[in-house]
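Student: Got a predicted structure here, sequence first:
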Amino acid sequence: MNKATKAAVTEICSQYGNDRGNMMDILRAVQERLGGIYGETIDIIAESVSAPRVEVESTASFYSFLSGKPTGEVVIRLCNDVIDKMYRVDRVAAAFSEELGIGFGETTADGKITLEWTPCIGMCDQAPAALVNDEVMTRLSTDHARDIVASLKSGREYYKLPHELGDGNNAHKLVHSMVVNHIRRPGAVIFADFQPGAGLANALGMTPVEVIRCMKIARLRGRGGAGFPTGLKWEFTHTADGERKFVICNADEGEPGTFKDRVILTERADLLFEGMTIAGYAVGSDAGVLYLRGEYTYLRRHLERILGERREAGLLGENVRGKKGFDFDIRIQMGAGAYICGEETALISSCEGLRGDPKNRPPFPAQKGFLGEPTVVNNVETLCCAARIMEKGAAWFSQFGTKGSAGTKLLSVCGDCDRPGVYEVNFGTKLSEVLEMAEAADPAAVQVSGPSGEMVAPGDFDRAISFDDLATGGSIMVFNSKRDLLGIVAEFMDFFIDESCGYCTPCRVGNVLLKERLDKIRSGQGCPEDLDYLQALGETVKTASRCGLGQTSPNPILTTLANFRQLYEALVKPATGELLATFDLESALSEAKAIAQHD
Amino acid sequence: MSLLDIDDRLLKLVELIDFDKSPIDDIKSFSGPVDIGLIEGGCSNEENVHVLQEFRKHCKILISIGDCATMGGIPAMRNNIPLKECLDEAYINGPSVHNPGGLTPNDPDIPLLLNKVFPVHEVVKIDYHLPGCPPPADAIWEALVALLTDKPVTLPYELLKYD
């Protein structure tokens, strides 16, 4: 390593205050500057921030956007989630491979371009999609792939790649992206017009306890999927003892098939920041963190601009909106490609500059969260609802939806439908109505709430989107009758195997065993007992795993076993003879026969 | 052979059962249908496979006994090494080997080794597993008595913990 490189790393560390709490920012900056974090670089970072080497290395090796070996100046990450595969990302991948002369996970000989796979990047409504460094390229064809490579080879900057700009703020010069919003159905809560400060003004006219009571009266529940009552969460944090309190917005939208937060961040960031500020006032916090997934880096400058505007307008900073004693500001913490960081305790670990490992609960974040202090972690959409409740009132909000599920819900619909995109519907809307809106001609199965949710069969399409029936974080993936459903289940299991943090055995090992048995059944070698095995093991993994990932990862198998059992039953057959169908004596003897030279 | 650990209870057992094919009475092949078959050891060669087939064919209930049968055990340590390397080490390259001809035994009468050692439930269906190295005599006793008296096999935790 030469002196200049050393100096660069030291400088990056000091730029972030040589503070190990800023490890994510340091590592992202080093990655960007040097194209990888390995060897002596790790020693220099460890020394600069006074952390053990192993702490730096374990964080650096955890995130998929940080690389333990040199990568090219440009990294092309092609999205390989199930929807992109339906849109034939394999052909696009072959075109990239051919033009670059390298396989996936490899870098061109001149060290310029690296080609990689990545899980869902939140563009399922415009698949196939890829990240070219931070730039999002959507609706890729093989022609696009060839154009992109030609353009990169001719030495043009990747961000000047030719493309048409998307609608709304996507075309703003600070976003400058070809991403399209696809807001198919705007509703009253999220996508209605919004005047910055309108909700905050009302909130600051009340006491924090009154604001919390408003959330309770509005019956607002978390939009991430679990549906915890927001007012209660705020109250816990409000009453918890701590030197400081924090508000974190979970914008690590990683559940495959979910892209609603992308659209909120693009078009209603003001509403979100207003919600965070209101949460800050309610719980007594002076600092908010927006944890933005690494895949959405292209939105960062746009979000920073809006934060800047809010500071200038007095909606952030000291004495917010002239309210004496209420100081609140928001910073953006970038993630670096890890699905598990959408789990709130893993997200907090990541904010603290650590591996994105979930923490043991209790204590819950409301008592001991970020830096050990009481912390509210809310979904993007939840905070937007909170801002709107303060603007228009709890009664106005709870007129939408059902008794147990007040308000509207954003759905991101994708897959086999003619109008993929974001739909804001009232809670209580039937799945069949959603499918009709999205113009799904031949829906044979619908995955609700992403791989961790439920695969719903046509007989259940009249079920309603709500916390009491079909609870969802927003992902709706539609599959037509020609799709290989068990193949899709296998894809989902592969996803969980990749994204498991590895901390607890049920999740790390159990998901692999589930996938192996599923593969056995899919290859036609399964017996009826294998279905009982999948059921029993799936339940064990759900019960015994440490965090939400393992507690939901068997769902693709368990929900298809329940709702599409006939698919499995058509594939299994009782073993004939004494040997198991999976045991093949001939292949088990192959090596010995070759050695003994028997026939 | 850990069955012998049940000591004098063996005499009580004999009152409940007849031995068919077993090392205790030295009967080599099954004489008819049998209620319970006990299997120890992993499945490592083609003869083991045939023995397992015979057991499955004749026994209503099969129990794998001990860690080699339930998970391959010590012999399965060879599973990470190609078979040829194992045989070469044993018959050609090992420090104490004297084998001027350099041949690996290949007489057709010697059963061929499998590419790896299998736990027996990967070869035939096994109804019950008794883990342990060896499993405690009480575990074997409790399991057999439960099966022979048509009661559910519920072993207390103490008989299944190994720390």
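Tutor: Good, I have the coordinates. Residues are numbered from 1 along each chain as shown, chains lettered A, B, ... in the order given.
Student: When you work out contacts or count neighbours from here on, use the C-alpha atoms and nothing else.
Tutor: Will do.
Student: Check chain B for me, the residue farthest from its geometric middle.
Tutor: Computed with Cα atoms, centre = their mean, the residue of chain B farthest from its C-alpha average is residue B:100, at 35.2 Å.
Student: residue boundaries of the helices in chain B?
Tutor: B:9-16, B:46-58, B:67-71, B:83-88, B:137-148 (DSSP state H).
Student: can you tell me which of these the model trusts least?
Tutor: In terms of average pLDDT, helix B:9-16 trails the rest of the helices of chain B, at a mean of 88.
Student: Specify the angle between that helix and helix B:137-148 in degrees.
Tutor: Relative orientation of helix B:9-16 versus helix B:137-148 (axes from the mean of the first three to the mean of the last three Cα atoms, to 10 degrees): 10 degrees.
Student: is it true that residue A:356 touches residue A:344?
Tutor: No. If you go by Cα atoms under 8 Å, residue A:356 and residue A:344 don't touch, sitting 9.9 Å apart.
Student: Which residues are in contact with residue A:18?
Tutor: A:48-50 (Cα atoms under 8 Å, 6 or more residues apart in numbering or on different chains).
Student: Let's see that with 10 Å instead.
Tutor: A:10-12, A:26, A:45-51 (Cα atoms under 10 Å, 6 or more residues apart in numbering or on different chains).
Student: Residue B:92 versus the residue farthest from the centre of chain B, what's the distance?
Tutor: Using Cα to Cα, to the nearest Å, one gets 9 Å for the distance from residue B:100 to residue B:92.
Student: hang on, the earlier thing: from chain A, how far off is the residue farthest from the centre of chain B?
Tutor: Using Cα to the nearest Cα, to the nearest Å, residue B:100 is found at 18 Å from chain A.
Student: how much space between that residue and residue B:108?
Tutor: Residue B:100 is 21 Å from residue B:108, by Cα to Cα.
Student: can you check residue B:12 too?
Tutor: Noted for residue B:12: a distance of 43 Å to residue B:108, by Cα to Cα.
Student: do residue A:182 as well
Tutor: Counting by Cα to Cα - residue A:182 and residue B:108 are separated by 71 Å.
Student: Looking at those two, which one has more neighbours?
Tutor: residue A:182 (18 against 9; other Cα atoms under 10 Å in any protein chain shown).
Student: residue contacts, that one?
Tutor: Contacts for residue A:182 (Cα under 10 Å, 6+ apart) come out as A:125-126, A:166-167, A:260, A:263, A:412, A:419-423.
Student: same deal with residue A:344?
Tutor: A:248-250, A:252, A:350, A:356, A:358-359, A:364-365, A:369, A:376-379, A:547-548.
Student: Now do the strands in the stretch 1-150 of chain A.
Tutor: Applying DSSP state E, counting those that start in this stretch to the stretch 1-150 of chain A gives strands spanning A:74-79, A:106-107, A:113-118, A:130-132, A:135-137.
Student: which stretch among the ones you listed comes nearest residue B:37?
Tutor: Residue B:37 lies closest, by Cα to Cα, to one member of the strands of the stretch 1-150 of chain A: strand A:113-118, at 50.6 Å.
Student: ok, and what's touching the closest one?
Tutor: Contacts for strand A:113-118 (Cα under 10 Å, 6+ apart): A:64-65, A:70-81, A:93, A:96-97, A:100, A:102-108, A:130-133, A:149, A:152-153, A:295, A:337.
Student: Could you list the buried residues of stretch A:86-103?
Tutor: For stretch A:86-103, burial by neighbour count (16 or more other Cα atoms under 10 Å in any protein chain shown) applies to A:86-97, A:100, A:102-103.
Student: number of nearby residues for residue 67?
Tutor: You didn't pick a chain, so chain A it is. Per other Cα under 10 Å, the neighbour tally for residue A:67 reads 18.
Student: Let me rephrase: I mean chain B.
Tutor: By the criterion of other Cα under 10 Å, residue B:67 has 21 neighbours.
Student: list the helices and strands the lengthiest strand in chain A packs on?
Tutor: When chain A is parsed with DSSP state E, its longest strand is strand A:408-415. With contacts taken as 3 or more Cα pairs under 10 Å, 6 or more residues apart in numbering or on different chains; DSSP states H and E, strand A:408-415 sits against helix A:82-86, strand A:183-185, helix A:260-267, helix A:380-392, strand A:421-426, helix A:431-437, strand A:443-448, strand A:475-480.
Student: Show me what the shortest one is packed up against.
Tutor: Yep, that's strand A:183-185 we're talking about. helix A:260-267, strand A:408-415, strand A:421-426.
Student: again, only using 8 Å
Tutor: Here strand A:183-185 touches strand A:421-426, going by 3 or more Cα pairs under 8 Å, 6 or more residues apart in numbering or on different chains; DSSP states H and E.
Student: List the single closest residue to residue A:574 in space, sequence neighbours excluded.
Tutor: Using Cα to Cα, 6 or more residues apart in numbering or on different chains and skipping residues adjacent in sequence, the residue nearest residue A:574 is residue A:527, 5.0 Å away.
Student: give the contact list for the one you found.
Tutor: A:521, A:572-575, A:581.
Student: Give the ChimeraX command for selecting the buried subset of those residues.
Tutor: Of those, the buried ones go into a single ChimeraX selection, burial set by 16+ other Cα under 10 Å:
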select /A:521,572,575,581
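Student: Put together TSV for the contacts of residue A:527, with pLDDT on each row.
Tutor: Shown next, in TSV, are the contacts of residue A:527 (pLDDT from 0 to 100):
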residue	pLDDT
A:521	94
A:572	93
A:573	88
A:574	85
A:575	75
A:581	77
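Student: what about dumping the CA coordinates of the longest strand of chain A to CSV?
Tutor: Extracted in CSV, the C-alpha atoms of strand A:408-415 (Å, rounded to 0.1, in the frame of the first residue of the first chain):
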residue,chain,number,x,y,z
THR,A,408,-55.0,3.7,4.1
LYS,A,409,-52.2,1.3,3.1
LEU,A,410,-49.7,1.6,0.3
LEU,A,411,-49.4,-1.6,-1.7
SER,A,412,-46.6,-2.2,-4.2
VAL,A,413,-48.0,-4.5,-6.8
CYS,A,414,-45.8,-6.3,-9.3
GLY,A,415,-45.4,-9.5,-11.3
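Student: Tell me the strands beside it, with direction?
Tutor: Sheet pairing of strand A:408-415 (DSSP bridges) gives strand A:421-426 (antiparallel), strand A:475-480 (parallel).
Student: Just the pLDDT for the most centrally placed residue in chain B.
Tutor: Nearest residue to the geometric centre of chain B (Cα atoms, centre = their mean): residue B:40, 1.9 Å. Here the pLDDT value assigned to residue B:40 is 94.
Student: from memory it sits against residue B:65, does it?
Tutor: Yes. Look at residue B:40 against residue B:65 with Cα under 8 Å: they come within range, at 5.1 Å.
Student: Could you pull up the residues touching residue 21?
Tutor: The chain I'm using is chain A. Contacts of residue A:21 by Cα under 8 Å, 6+ apart are A:351-354.
Student: The chain in question should be chain B.
Tutor: Contacts of residue B:21 by Cα under 8 Å, 6+ apart are B:27-31.
Student: Okay, buried residues for stretch B:60-68 please.
Tutor: B:61-68.
Student: Tabulate the residues you listed (a markdown table), appending distance to residue A:229.
Tutor: Shown next, in a markdown table, are the buried residues of stretch B:60-68 (distance: Cα to Cα, whole Å):
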| residue | distance to residue A:229 |
| --- | --- |
| B:61 | 53 |
| B:62 | 53 |
| B:63 | 51 |
| B:64 | 51 |
| B:65 | 52 |
| B:66 | 51 |
| B:67 | 50 |
| B:68 | 52 |
